[in-house]
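Colleague: Whatever this is, show me its structure:
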Amino acid sequence: MPLKSDTVEAASRSLLLLEELNRHRVTSIDRLHKATGLPKSTVVRLMKSLCAMGYAANDRRQGGYAVASRVKSLSNGFHGDPLVVEAARPWAIAFTRQYHWPIAIAVLDRSSVVVRFSTIPDSPVSPFHGTLNTHLSLLGRALGRAYLAFCPISERSMLLDMLARSQEAEDKLATERKRALALLTAIRKQGFAERDPMVEPRSSNTIAVPIIVNSRVLATVGMTYFTSALDRGDIVQRYVPLVKALADNIAASVSSLQE
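Modeller: Down below sits the predicted model:
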């Protein structure tokens, strides 16, 4: 029976080969050997295993190996938002370490947004103990408003229709379409969203902006703070540009990961 470390090493080498194989339509044992640095004997053995399991195929007509259909099963649990969370994590943590206030990353989940990452554990001054996996209103909360204001018009219209049928108090504004649209227009004009001032807790507030890649809002990013600690002038002049730069950095990282 192989040692656990041997098993991990074999899995690591197999994944390395799959990554390299995925970069080419067809490739050879020699090219895989040169690209990965693995011994040819190891490449041959692992490729036989990958072919037997349906992750690769030896296409003799094309003169080499190619990925096979079972590779698609490896991404079945990946639904998009983990990529933006992966890209956001180091930037958000660095922001909180430098400026102390907590950062949250939220993605759309039907007719609300849900917090998928938060730096609350890294913040010494967070107004909340935890927000991970919390659903937030698209019309009452900054992270939701930032999504609704900056998403495409057709998507915004569909979401407002859904919200108009909601029984949630924070969604009630959707029944007054003109007022809701005026609010969203104002948010786009100022370039960032804030929490509804009537929503609790009033001792804190959040500013949020969209993370946009290829004209699509992938997520929103927000910074939460105590209103007694920062005045609005400081927020607008100092922190809004910082949060916008944070969103731009995350978007650039997403694009890099997609290449």
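Colleague: wait, is Val107 part of a strand?
Modeller: Yes: when DSSP: H, G, I helix; E, B strand; the rest coil is applied, Val107 is found to be in a strand.
Colleague: thinking it is in contact with His135, fair?
Modeller: No: between Val107 and His135 there is no contact under CB atoms under 8 Å: 10.9 Å. Quick note: C-beta positions are derived from backbone N, CA and C, even for glycine.
Colleague: Quick check: Val125 touching His100?
Modeller: Yes: counting by CB under 8 Å, His100 is a contact partner of Val125 at 5.3 Å.
Colleague: what does the average pLDDT come to for the host helix or strand of Lys48?
Modeller: Using DSSP states H and E, Lys48 sits in helix 40-52. The average pLDDT for helix 40-52 rounds to 92.
Colleague: in that helix, what counts as buried?
Modeller: Residues of helix 40-52 classed as buried by neighbour count (16 or more other CB atoms under 10 Å): Val43, Leu46, Met47, Leu50.
Colleague: where in the protein is pLDDT low?
Modeller: 1-7, 61-62, 75-81, 259 (pLDDT under 70).
Colleague: before we move on, back to that, report the next helix or strand after the helix holding Lys48 in sequence order.
Modeller: strand 56-59.
Colleague: Could you measure from the residue nearest the centre of the chain over to Ile235?
Modeller: With distances taken as CA atoms, centre = their mean, the residue of the chain nearest its centroid is Val84 (2.2 Å). Distance of Val84 to Ile235, given as CB to CB, to the nearest Å: 24 Å.
Colleague: Same check on Leu15?
Modeller: Distance from Leu15 to Ile235, by CB to CB: 45 Å.
Colleague: what residues are up against the residue nearest to the centre of the chain?
Modeller: Applying CB atoms under 8 Å, 6 or more residues apart in numbering, we find Val84 in contact with Ile105, Val107, Ile211, Leu218, Ala219, Ile250, Val254.
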